[in-house]
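1. what shape does this take:
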Amino acid sequence: MTDTHGATAARVAEAGAYELTRTASLVLATLAMGLMAGLFFAWAQGIMPGLGRSGDRTFVEAMQEMNRAILNGWFALAFGGAVVLTALAGAMHLRADGRSLLPWIGAALVLYLAVLVITGAVNVPLNNQIEAAGPVAKIPDLAAVRAHFETTWVRWNVVRAVLNTGAFGCLLWALVLHGRLTNRA
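-> Numbering: from 1, shown residues only. Take a look at the predicted model:
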């Protein structure tokens, strides 16, 4: 004799756990993506324009110090979490009942991967170069160090901000769709 009631209850519990994990992955991906979009936006609209008004010594020293300060566990968690959690959210929505979200989650992932490529190809090498210039008191031509760094770094950071904001928007829309699907069930 089989316990169909017990087996049904187990399937319902399993489905509930799966849905909770799927929802949590999408919420956490959106949160991490939003943190990163906000970070790049803050640099693009406030930090760099403000530093742009400062003298060469202040600019170079501030960039060196901020580049050192940002390399911490909280930044790594959001920076890496955005891609990992978005990929996980995509994987969790591969089942037929979640596939309508895949274009939005996939678009977010592609946009954020572009952010990662730009970061690795442009911004990080420039950060490393400004750091390698050494202590500001020992840099003979601060204006040259700044000139080599500022325009390119700022331009590509604006691109990162736009791409990351687009990725965040895609995940926000995926959450809206997810809510609609969940409310239908």
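
2. please make it C-alpha for all contacts and neighbour counts, starting now.
-> OK.

3. any idea how far Leu111 is from Ala89?
-> Going from Ala89 to Leu111 by C-alpha to C-alpha, to the nearest Å gives 15 Å.

4. among these two, which residue is more densely surrounded?
-> With neighbours defined as other C-alpha atoms under 10 Å, Ala89 and Leu111 compare such that Ala89 has more, 28 against 20.

5. dihedrals phi and psi, the more buried one?
-> Per-residue torsions, Ala89: phi -60, psi -40 (degrees, to the nearest 10).

6. touching, it and Ser25? I think so.
-> Yes. Counting by C-alpha atoms under 8 Å, Ala89 does reach Ser25; the two are 5.0 Å apart.

7. which strands or helices does the top helix by length along the chain pack on?
-> What stands out as the longest helix in the chain, according to DSSP state H, is helix 142-184. Secondary-structure packing of helix 142-184 (3 or more C-alpha pairs under 8 Å, 6 or more residues apart in numbering; DSSP states H and E): helix 4-42, helix 56-70, helix 102-118, helix 124-132.

8. got the angle for it vs helix 102-118?
-> Between the axes of helix 142-184 and helix 102-118, defined by axes from the mean of the first three to the mean of the last three C-alpha atoms, to 10 degrees, the angle is 170 degrees.

9. chain center to the helix or strand bottoming out on mean pLDDT in the chain, what's the gap?
-> Ranked by mean pLDDT, DSSP states H and E, the weakest helix or strand in the chain is helix 4-42, scoring a mean of 86. Centroid separation for helix 4-42 versus its chain: 18 Å, with C-alpha atoms, centre = their mean, to the nearest Å.

10. relative orientation of that helix and helix 102-118 in degrees?
-> Using the same axes, to 10 degrees: helix 4-42 against helix 102-118 is 40 degrees.
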